[in-house]
Structures are given as C-alpha cells and as structure tokens.
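Sharing a model that was predicted from the sequence below.
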Amino acid sequence: GAGVSQSPSNKVTEKGKDVELRCDPISGHTALYWYRQSLGQGLEFLIYFQGNSAPDKSGLPSDRFSAERTGGSVSTLTIQRTQQEDSAVYLCASSFVVAGPLPPDTQYFGPGTRLTVL
Amino acid sequence: GQNIDQPTEMTATEGAIVQINCTYQTSGFNGLFWYQQHAGEAPTFLSYNVLDGLEEKGRFSSFLSRSKGYSYLLLKELQMKDSASYLCAVRSFSSGSARQLTFGSGTQLTVLP
C-alpha cells in the first residue's frame, strides 16, 4: 500500500487477556517504530527495528510487552496479560534512512490501534 | 538523556500568526522535525531543520538555533483547520540509535474564529 497500515483500528479486551497489534510499513522502509500515546499526551517510544540489526527494546515498559518483525517487513506488538493502564493508542511508523521527497529518517505514521482494556 | 520542552496549549485567532517554541537539551544533535497531529489521527510531517536558520514552506516556517537548543514553528494566516497538536522531535546520536527521534509532548493549538 501507499502508507503505513495498522490493524485492528480498535481493540477492546478484558484485563488479563493477551492482544496482538499488527503494523504493515511502507514497502522498502528499513526502519520500523512502535509508540504509545495516551489521551492528550505525547508519543512514548516503545521499540525500534532497523534492517537486520537487533531491535532497540529500551522503551518497552515491562516484560509483558514484546514485538517482532518478520522478513524485515510486517511487525507485531504483543501485550500479554493486559492491564487497564495499557489502554492507549499504539502508533507504528516506518522510515527510510536516505533522503527522498522528504528528509532522511522522516517517520511516516500509521493510523494507530486504539486499545481499551476493561 | 534528552529533554524536549514545548508549551502545552496555545490559542490564536483565525488569520493571525502564531509561534510555537521548542527547546531541547541533547548531545550529538542531528536534526529537528515538526509534526502536526489532528485529534484522532496520526502525526504527519511538517518540517525539518538540521542547520541554523529558517525553513519556509508556504504558511509554515521553522527556525533552528543549534547553539541555543531552540526551534520554533511559525504559522501564518491561521485557518480553523490548523487546530491540532504540534509535536517537536529531535534526532540525536545520543539516542540508542542515530536514527531514532525523541518527541516532545506536543503543543495543542486552538484557532478561534
């Protein structure tokens, strides 16, 4: 597709359940990022993938959070045993390391997944 | 670590000019981005500065002073559709990776008729 896509757009789950959020980056983008945004707040960095390098997981808030990126493309963010404080919009972004129409490393964001934990 | 500060909220009148400031503290500075985010939508790229000075793009301009750790986004001829959150983001070699951005909390701009 032309842009970053994420699914589902909305997810309502019960406390204690596991959820999987999916991100399809722009084709050819080697970098992929996951962020979390609570209502009215800024972006909280979670994890970063760059090519075949080991991901930077420094932003993951707990070991209940994990992410993988298969084949250098699609990424899945998994939250185990969800808690109410996990409720937020989860945004995925991708970027390319060299300049194109926009400066290098410009991040293109997906529409996000709104997660609600009851 | 990095520290990015922006005002939380600003209000301006349609047709006016507004300046949104961003100050940052970082080592290994490697570029500053401004993003616009409408309510319920994803952030979209607005501007980029890596050298000192002013970058103009239509009604929007962005300024950078690396020695002062300071940037501003200038919006002219404000329109109602400019009501949004404006995010300042810094790229720095001090990040875990040179390609990551650290985002400020955003400035919520409300344009009044």
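Cool, the structure landed. Numbers count the residues shown, from 1 in each chain, chains lettered A, B, ... in the order given.

so B:C22 is in which element?
strand B:18-25 (DSSP states H and E).

what's that strand packed up against?
On a contact count with 3 or more CB pairs under 8 Å, 6 or more residues apart in numbering or on different chains; DSSP states H and E, strand B:18-25 meets strand B:3-5, strand B:9-13, strand B:29-37, strand B:70-75, strand B:84-92, strand B:107-112. Using the backbone N, CA and C atoms, a C-beta is placed for each residue, glycine as well.

got a list of what A:G42 touches?
B:87, B:103-106 (CB atoms under 8 Å, 6 or more residues apart in numbering or on different chains).

And what about it, helix, strand or coil?
A:G42 carries the three-state label coil when classified by DSSP: H, G, I helix; E, B strand; the rest coil.

How about the residues of chain A by chain B?
Within chain A, the residues that sit near chain B (CB under 8 Å from any CB of the partner chain) are A:4, A:31, A:33, A:35, A:40-43, A:45, A:48, A:50, A:56, A:58, A:91, A:95, A:97, A:102-103, A:105-112.

Among those residues, which lie within strands?
Among the residues of chain A next to chain B, the residues falling in strands (DSSP state E) are A:31, A:33, A:35, A:45, A:48, A:50, A:91, A:95, A:108-109.

Could you identify the buried members of those residues?
A:31, A:33, A:35, A:45, A:48, A:50, A:91, A:95, A:108-109 (16 or more other CB atoms under 10 Å in any protein chain shown).

any low-confidence regions in chain A?
Confidence mapping of chain A against pLDDT under 70 gives the ranges A:1, A:99-100.

hmm, back to that, just put the buried ones among the ones in strands among the residues of chain A next to chain B in CSV and tack on distance to B:H38.
As requested, these are exported to CSV (distance: CB to CB, whole Å):
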residue, distance to B:H38
A:A31, 24
A:Y33, 20
A:Y35, 17
A:F45, 21
A:Y48, 25
A:Q50, 29
A:L91, 14
A:S95, 21
A:Y108, 16
A:F109, 12
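
overlap between the contacts of A:G42 and the residues near chain A?
B:87, B:103-106.
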